[in-house]
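**Student:** sequence isn't available, so here's the structure alone:
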């Protein structure tokens, strides 16, 4: 009965459905990284891009019926955890120097 | 209208929707229009897929669309809200929805691991730092929040960069995935390979053997080598074990056979150790170095004079001319 509610195009899924979802999440994460000025939210956006990679890897693994995709996801989780620890350490360090989370404060570090 | 132009039109629509949603937004009505257009563009692109190819059918079915919509809507909310704490909570929603997708993809272990690691560990760390930095200021009025949370930096540039990338990825997905060869859908070779792998894990086989009613007292044969002979179709196997000091054959079939060869966690573990042992070690090294790095970054710098350092290590102080207690003056 539940199948009758869903339109026919979504009844049968292909690999592309998962890849499109992953691409959307990655694009949103990238757009967020560029547009947000709060340093913590910027790093959250990188986590969103990691999440998109996780979905793509798991979908590829299922498509090829190979567990290597899922093993890769474990490595992605490792890197995400390491990145979060270092990124938040950096944010704390920067916050000690200037008590704001605004990334624009540090734009004087750029060239020109 | 060719499907390719529909896809690119939908991508442009999605970019426009994100622009409408990014702050500073106009009225609530504009945001609503943006949300509707964005969801329409996303489902429009998904609806184009079956016209391009029909490869291997993936699992998920009814569950895909709700989970996909939840994760995309929460992701957009996450980058458009002006409250960082809400952004983190929306990211938790993204993680929960995608873990649901992982479970439908047959990756149960990862579904739970992602929730534990992301929603449990990483997000809590983010929340800690957020609260440390925000100092409990969460004004209810939009105008009182910091400007860097209220106004997006170059929303047009961000949307263009993000969705240009999306257009390229869409193009690749729609032209490329049709040529991929799916995994061998014939399950028999995979089952036979799984039996061979299970045969190398005597303890696991014995766990299943003792679940057969008459074989609760079964023991491993001498030398702890176990003979596992699968049926030609791989649906069952015969195991030779010791029962009452005599070799005896036991059949693993039905649910027991499925448990023996289709265990997601054990499968991932074996794949991790068999295929990627060096990467596993490297992951451990990366985690350790990240821990050291975080500790070094976040520690407090304490300026110590030479005398204080010598005192801390139990050495006599270096005397100065104005030091009243400076008895032994050592230079150098």
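**Tutor:** Okay, I see it. Just so it is clear, the model here is predicted, and its values are computed rather than measured.
**Student:** and the helices in the stretch 101-250 of chain B?
**Tutor:** B:108-114, B:123-134, B:147-150, B:155-176, B:187-199, B:202-209 (DSSP state H, counting those that start in this stretch).
**Student:** highest mean neighbour count out of those helices?
**Tutor:** Greatest average neighbour count among the helices of the stretch 101-250 of chain B goes to helix B:108-114 (a mean of 21), per mean count of other C-beta atoms under 10 Å in any protein chain shown. Quick note: C-beta positions are derived from backbone N, CA and C, even for glycine.
**Student:** which elements pack onto that helix?
**Tutor:** When contacts are defined as 3 or more C-beta pairs under 8 Å, 6 or more residues apart in numbering or on different chains; DSSP states H and E, helix B:108-114 packs onto helix A:39-63, helix A:68-97, helix B:84-104, helix B:264-275.
**Student:** contacting residues for the residue nearest to residue B:242 when sequence neighbours are not counted?
**Tutor:** Nearest residue to residue B:242, sequence neighbours excluded (C-beta to C-beta, 6 or more residues apart in numbering or on different chains): residue B:219, at 4.5 Å. Taking C-beta atoms under 8 Å, 6 or more residues apart in numbering or on different chains, we find residue B:219 in contact with B:241, B:242, B:243.
**Student:** by mean pLDDT, which helix or strand of chain A comes out lowest?
**Tutor:** Taking mean pLDDT, DSSP states H and E as the measure, chain A has helix A:2-5 as its least confident helix or strand, at a mean of 41.
**Student:** which one is the most centrally placed residue in chain A nearest to, not counting chain neighbours?
**Tutor:** For chain A, the residue nearest the mean C-alpha position is residue A:49 (1.8 Å; C-alpha atoms, centre = their mean). Nearest residue to residue A:49 in three dimensions, chain neighbours excluded: residue A:29, at 3.9 Å (C-beta to C-beta, 6+ apart).
**Student:** now do the contacts for that neighbour.
**Tutor:** Contacts for residue A:29 were tallied using C-beta under 8 Å, 6+ apart; they are A:45, A:46, A:48, A:49, A:51, A:52, B:75, B:79, B:162.
**Student:** repeat the analysis, applying 10 Å as the threshold.
**Tutor:** A:44-53, B:75, B:78-79, B:91, B:94, B:162 (C-beta atoms under 10 Å, 6 or more residues apart in numbering or on different chains).
**Student:** coming back round to it: distance to residue B:304 and mean pLDDT added to the helices and strands packed on helix B:108-114, as JSON lines?
**Tutor:** Output for those, formatted as JSON lines (distance: least, C-beta to C-beta, whole Å; pLDDT from 0 to 100):
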{"stretch": "helix A:39-63", "distance to residue B:304": "31", "mean pLDDT": "92"}
{"stretch": "helix A:68-97", "distance to residue B:304": "19", "mean pLDDT": "90"}
{"stretch": "helix B:84-104", "distance to residue B:304": "37", "mean pLDDT": "92"}
{"stretch": "helix B:264-275", "distance to residue B:304": "46", "mean pLDDT": "85"}
